[in-house]
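Participant: next one to model:
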Amino acid sequence: QVQLVESGGGLVQTGDSLRLSCAASGRTYLNYIMGWFRQAPGKERQFVAGMLWSGGRTDYEDSVKGRFTISREGARNILLLQINKLQPEDTAVYYCAARRDIVGSMRDARPYDYWGQGTQVTVSS
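Facilitator: Purely as a prediction, here's the structure:
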C-alpha cells in the first residue's frame, strides 16, 4: 500500500508559477511509476507528467512540455511538479498517482493503483 497526499495548489494569476508536492508513504521502497494527472470541470482526467520513481525515465503530455517539470525531491518520498507560465487552461484539480507496473506507457490512468485526494489549481486571467 502507498498513501499519497498532494499540496501546493492555490489561486494564481496568468504567468505565475506553482510547485505542487505529493508526499508518499507506505511501501515506498518499491519502484513505481509516479504520475501527475489533472481534471478540469466537465472534462476527463488527463495525464500531465510521469516518471520512474528510481529515476531515468520521464514523460510529459505534449501541451505542457517546456512548462511543467516532474521530479523527486532528493532521496525523500516527495514527488514534485513545477509549473511555470500558468495559463487559465491549466485550471484543474491535480492528482498524484502511483502504479506498480513500471512497463509501458505512463499516460493511461487505468493501470495506476494509488491516487491522492487532489489539489486545486485555479489560474485567473
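Participant: what about residue 33, neighbour count?
Facilitator: For residue 33, the neighbour count with other CB atoms under 10 Å is 23. C-beta coordinates here come from the backbone N, C-alpha and C atoms, glycine included.
Participant: can you give me phi and psi for it?
Facilitator: Taking degrees, to the nearest 10, you get phi -90, psi 130 for the backbone angles of residue 33.
Participant: then residue 64?
Facilitator: In terms of degrees, to the nearest 10, the main-chain angles of residue 64 are phi -110, psi 0.
Participant: please name the bridge partners of the most centrally placed residue in the chain.
Facilitator: The structure's the chain has its C-alpha centroid closest to residue 36; by CA atoms, centre = their mean the separation is 2.1 Å. According to DSSP bridges, the partner residues bridging residue 36 are residue 49, residue 96.
Participant: roughly how far does it sit from residue 125?
Facilitator: Summarising the geometry, the distance separating residue 36 from residue 125, computed by CB to CB, to the nearest Å, is 23 Å.
Participant: what about the strands in this protein?
Facilitator: Assigned strands in the chain, in chain order: 2-7, 10-13, 18-26, 33-39, 46-52, 58-60, 68-72, 78-83, 92-99, 114-115, 119-124 (criterion: DSSP state E).
Participant: and these: which comes nearest residue 107?
Facilitator: Closest to residue 107 of those, according to CB to CB: strand 46-52, at 4.3 Å.
Participant: could I get the phi/psi values of the residue nearest to residue 54 when sequence neighbours are not counted?
Facilitator: The spatially closest residue to residue 54, leaving aside those adjacent along the chain, is residue 31, at 5.0 Å (CB to CB, 6 or more residues apart in numbering). Its backbone dihedrals place residue 31 at phi -90, psi 140, with angles given as degrees, to the nearest 10.
Participant: quick one: residue 119 and residue 5 touch, right?
Facilitator: No. Between residue 119 and residue 5 there is no contact, the gap being 9.1 Å when judged by CB atoms under 8 Å.
Participant: same drill for these two, tell me which one is more crowded.
Facilitator: Neighbours were tallied for residue 119 and for residue 5 using other CB under 10 Å; the higher tally belongs to residue 119 (22 against 14).
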